[in-house]
Every structure is written in structure tokens, then in C-alpha cells.
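> let me see the structure of the following:
(one chain, ligands or ions: 1)
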Amino acid sequence: MSKRICRAAVVHRFGGPEMIEVADCGMPQIKNPNQVLVRNHASGINPVDTYIRAGQYAKLPTLPYSPGKDGAGIVELVGDAVKNVKAGDRVWYGMESGSAGEYNVVNRPFPLPDGVSYSEGASLGVPYMTAYRALFHLAGAKTGDVILVHGASGGVGSALMQLAAWRNIEAVGTAGSKNGLQYLKRLGAKHVYNHSETGYVAKMKADYPGGFNYIFEMAAHTNLNTDLGLLAPRGKVAVIGNRSETTINARQLMVTEGAVFGVALGMSSEAELSDFGHNIVNFLKETEHRPIINKEYSLEQLGQAHKDIMENSGAKGNLVVKID
Ligand code: NAP
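Below is the predicted model of the structure:
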């Protein structure tokens, strides 16, 4: 086994997307009985992959490292203590490391239900686990609540829209382009608004005079102050994405007795991540909702995918590297 070669993306130095190389590496080895070796067929791309590659993230890997937290493929080997999957099973995983390579060792594999493709499976990890943590684990949203997903056209936002639909929670979404708005309608959004258009906040206020019970925010640096004025009494804003400082008028929180809380998938315990994963499998089995793939790349195009996820506006779904 140890003599086999595995092609993988490798980063030797933190920096721009050009730091990503594809190289022949040694075959990864299972180190404890709870792990499995997966032959990857797809690797999901998330903004966090670019923060890590740039060296601008709280927890950085030791160099050189292979990027990619989310993936899907076939189990090649299982550790003795693994119960939920066996060799030959199709699996997905999230919040691991090294998915942008032919093989990697995975701590928490989840079965990939029939009919769900590898690219769809590789889009579940960070986006759906973050959405699950924010919507159910932290907010505790339930049927009858009305939520706003401010930035619903990307990976986390579309996962929030679908998970809300699963639990009959009314979800309103925003996108920054015409395509994005059409995409949100296909996801089942009751009302959609264009966050690039002047006046969209006034329209939302007119349509939802009672405000939102929860707002899931992808761009708090732009929207936090606005969100505070859109809350229902005792409503809450969940900050999921933020890229710079912002100013708020905190008086708005007194008017509604509202609150703001942060979401950090990285704060999840192993048990929580396992719980999110099992529930996401149930969601896939109980609904026809699937991650929407915006674009697929080859392993050699991973650097381009890193550029695209940060620079492309008008997002509609997930970016994936296919590994065949
Ligand atoms: P993504 O796929 O690139 O999507 C970005 C989303 O933000 C798109 O829907 C985009 O809409 C929207 N957006 C852009 N400008 C906006 C604005 N002014 N107002 C509202 N929304 C706006 O990224 P993602 O994977 O969904 O991640 C979203 C954010 O959450 C990122 O900042 C990411 O780093 C963060 N995140 C945080 C956690 C956590 O644990 N806290 C976990 C995962 C991700 P258009 O493109 O249609 O304009």
C-alpha cells in the first residue's frame, strides 16, 4: 500500500491561488481505528479553503498541506472501529482535510444515499453543516418562524433555504443578480430580493412588516445595521459571513429586544459534527433537495476555482473539483 502513488493538490507556501500545485504524493495512511481511506471522486470548494491557502485563518495546517475540507468518493479501507460504512461504500464527508487529492484519510464518513452524485456529496460538508448548525443547533428555528437568508444564492445560503423548506420554515432569500433570483425561486423561496438593487430593504419591510424571527447573514460587514431594523420582536441575527468592520446603531436592538450571535462551524465538537452529518443524510433521504452545482473543475484548475469563489458575484450554488 505504502508504495502506491496518489495525485493531490499541494500547497508549500501560503499565498495566492498560484501556490497550488498538483503533485504525486505518498498514499495517505489510516492512523487510528475510527478512520477510513477514501478514493475521492469530488472535492468541494469553500471560501475557507482560500483563507487557509492565503495563511489568513485562525487554525493553519503545517506546510506542505493538501487543501480541501469536503469530499465524496468510495471507501477503500476501514479502521477496525468503523461501524457506519464499509469498503466499497459511496460516502461524503465534511470539515476534514486533504479532499483535493485522489485519496485521503477521513475521520467522519457518512453514507451517500443512492441517486446523490459525488459532486453533490462533496458540496454537503461545510455549507450544509454550517447551515444546520446555524438554523437548528444555534437558532433553534422551527415551523412557523419566518427567516431571511441574506445572501441565499451561495453554498451556505442555498443549504439554509433547503433545510428551512425541509422543516416547513418560511424562508425569504436575497441574491445579487437576475440569475441568482431565478435560482432562489427554484429553491422554493417565497419572496426573493436583489441585494444589489437600491430600495430592496424598503420592499422587504413593506412585505414583512412583522419582521423576521431570524436573519442568517452572509455579508455582515455590509448588512448588519440594516438587519437590526428587519427583526421581529426578540428576533436574532446570525452572523455567518463577515469580511471587514462595520458600524451599527445598537438602539435598534432595544426596540425589538433583538440579539446578534456569531456562527462558527469550527466551534463544533466531534459529536456535533457527527450529529449534523447524520441529520443531513436524513434530509437527503426525506426530500428531493440536493446541493446545486454551479461549476465543476479539474484538479489542475483548483487555483481557478479558488479565484472564482472569492471574485465571482452572482453565485448560484457550489463549486466542485472532479477527481477521476
Ligand atoms: P459563496 O458560495 O461564495 O456565497 C456568497 C454569498 O454571499 C452569495 O449568495 C452572494 O450573493 C452573497 N452576497 C454577496 N454580496 C452580498 C451582500 N451585499 N449582501 C448579502 N449577500 C451577499 O460563499 P458561502 O460558502 O455561501 O459562504 C458565505 C460566507 O459565509 C463566506 O464569507 C464564508 O467565509 C462564510 N462562512 C462562514 C462559516 C462559519 O462557520 N461562520 C462557515 C462557512 C462559510 P451573490 O453572489 O448573488 O451576490
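
> Ala72 should be in a strand, yeah?
Yes - counting by DSSP: H, G, I helix; E, B strand; the rest coil, Ala72 is located in a strand.

> was I right to think Ile240 contacts Leu135?
No - using C-beta atoms under 8 Å, Ile240 is not in contact with Leu135; the gap is 10.3 Å. Heads up, the C-betas are built off the backbone N, CA and C, glycines and all.

> now do the shared contacts for those two.
Phe216 (C-beta atoms under 8 Å, 6 or more residues apart in numbering).

> what about the two, which has more around it?
Leu135 (27 against 24; other C-beta atoms under 10 Å).

> ok, that one - contacts?
Counting by C-beta under 8 Å, 6+ apart, Leu135 makes contact with 141, 147, 160, 163-164, 169, 214, 216.

> rerun that using 10 Å as the cut-off
Residues counted as contacts of Leu135 (C-beta atoms under 10 Å, 6 or more residues apart in numbering) are 141-142, 145, 147, 149, 159-160, 163-164, 166-167, 169, 171, 214, 216, 238, 263.

> check Tyr103 too.
By C-beta under 10 Å, 6+ apart, the contact list for Tyr103 reads 4-8, 25-29, 37-40, 73, 76-77, 323.

> 6 Å instead, please
6, 28, 39 (C-beta atoms under 6 Å, 6 or more residues apart in numbering).

> and for Val156?
Contacts of Val156 by C-beta under 6 Å, 6+ apart are 127, 130-131, 240.

> including secondary structure, could the residues you listed go into TSV?
Formatted as TSV, those follow (three-state DSSP):
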residue	secondary structure
Pro127	helix
Thr130	helix
Ala131	helix
Ile240	coil
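
> for the helix or strand hosting Ala165, the distance to its chain's centre please.
For Ala165, the host element (DSSP states H and E) is helix 155-166. Offset of helix 155-166 from its chain centre (C-alpha atoms, centre = their mean, to the nearest Å): 10 Å.

> for stretch 139-148, same thing?
19 Å.

> that one and the ligand in contact?
No - contact of stretch 139-148 with the ligand (C-beta under 6 Å from any ligand atom) is absent, the minimum separation being 10.1 Å.

> any weak-confidence spans in the chain?
Low-confidence segments of the chain (pLDDT under 70): 1-3.

> kindly recompute the last result at 80.
The chain contains residues with pLDDT under 80 at 1-4, 312-315.

> show me which residues of it sit near the ligand.
Proximity of the chain to the ligand (C-beta under 6 Å from any ligand atom) is limited to residues 46-48, 126-127, 130, 150-157, 174-177, 180, 195, 218-219, 222-223, 240-241, 263-265, 309, 313-315.

> please repeat the previous calculation with a cut-off of 5 Å.
Residues of the chain found near the ligand (C-beta under 5 Å from any ligand atom) are 47, 130, 150-151, 153-157, 175-176, 180, 195, 218-219, 222, 240-241, 263-265, 313, 315.

> could you pick out the longest helix of the protein?
Determined from DSSP state H, the single longest helix within the chain is helix 270-286.

> CA atoms of that helix as PDB?
These are the backbone C-alpha positions of helix 270-286, laid out as PDB (Å, rounded to 0.1, in the frame of the first residue of the first chain):
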ATOM      1  CA  GLU A 270     -16.900  15.900  17.000                       C
ATOM      2  CA  ALA A 271     -20.200  14.700  18.400                       C
ATOM      3  CA  GLU A 272     -22.000  17.700  17.000                       C
ATOM      4  CA  LEU A 273     -20.400  17.300  13.500                       C
ATOM      5  CA  SER A 274     -21.500  13.600  13.500                       C
ATOM      6  CA  ASP A 275     -25.000  14.700  14.500                       C
ATOM      7  CA  PHE A 276     -25.100  17.300  11.800                       C
ATOM      8  CA  GLY A 277     -23.900  14.800   9.200                       C
ATOM      9  CA  HIS A 278     -26.500  12.100  10.200                       C
ATOM     10  CA  ASN A 279     -29.300  14.600  10.100                       C
ATOM     11  CA  ILE A 280     -28.100  15.900   6.600                       C
ATOM     12  CA  VAL A 281     -28.300  12.200   5.400                       C
ATOM     13  CA  ASN A 282     -31.900  12.100   6.700                       C
ATOM     14  CA  PHE A 283     -32.700  15.400   4.900                       C
ATOM     15  CA  LEU A 284     -31.400  13.900   1.600                       C
ATOM     16  CA  LYS A 285     -33.400  10.700   2.100                       C
ATOM     17  CA  GLU A 286     -36.600  12.600   3.100                       C
END
